[in-house]
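K.L.:
Quick one: sequence plus predicted model below, questions after.
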Amino acid sequence: MTIAVENPAPDTSLAELADQLRVPEGYRVEIIGGQVVVSPTPLLRHARIVSRLFRAPALAVEGLVPLDMVSIELPDSEERYIPDLVFLPEEVNDDEWLIPVSEVALAVEVTSPGNPEHDRVRKLRGYARAAVPIYLLIDTGDETVTLFENPRDGAYHRQTRVDMGGTITLPAPFSGELDTKPFVARGGKF
């Protein structure tokens, strides 16, 4: 979606530009790959997957809280992401809206039909450069779940991919197997 910005100053940063945007209710503003990106509310399947993740026993960790609709700032690149789900320490200040990426224990993205490359490529690179310890990509386009771990030198050095419906072993501080059967498309049914 394109949103017009009236007369931005020539020296306006992307963050300042994003902060000035007035977007319709239900839309979110991110900075990805050097561009301001405005996205609509996700499909119901997308929301269902995130809802199932909130309740996944393998993701329950004392001291970490799962949150959606949280803005994450990657200061070295001036990018801002709104992960579909993020796990943060419970002690993060509730009065903040822009959270430093250094607080993120796990970021989860569920691809959307309109912009899957943001999650598959741009955010993958951004999370790796920012050393987010664990990135979980749920790809509804190719029906896979990929776990990225061990970020070093701007890249993840371990990845595990399973077909949707399988299980994936989560690293510490999470434990056990994440069952991805609840993420499989159900032909429009819950």
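P.N.:
Right, received. Where do you want to start?

K.L.:
give the contact list for the most centrally placed residue in the chain.
P.N.:
Centroid check for the chain by C-alpha atoms, centre = their mean gives residue 83 as the closest residue, at 2.4 Å. By C-beta atoms under 8 Å, 6 or more residues apart in numbering, the contact set of residue 83 is 68, 70, 72, 104, 107-109. (Each C-beta comes from the backbone N, C-alpha and C, glycine too.)

K.L.:
how about a cut-off of 7 Å?
P.N.:
72, 107-109 (C-beta atoms under 7 Å, 6 or more residues apart in numbering).

K.L.:
Filter those residues down to the buried ones.
P.N.:
In those, burial by neighbour count holds for 72, 107-109, counting by 16 or more other C-beta atoms under 10 Å.

K.L.:
Please flag which of these sit within helices.
P.N.:
Using DSSP state H, no member of the buried ones among the contacts of residue 83 falls in helices.

K.L.:
picking up where we left off before, now the contacts of residue 83 in a markdown table, please, with extra columns for distance to residue 53.
P.N.:
Compiled in a markdown table, the contacts of residue 83 are given as follows (distance: C-beta to C-beta, whole Å):
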| residue | distance to residue 53 |
| --- | --- |
| 72 | 17 |
| 107 | 12 |
| 108 | 6 |
| 109 | 11 |
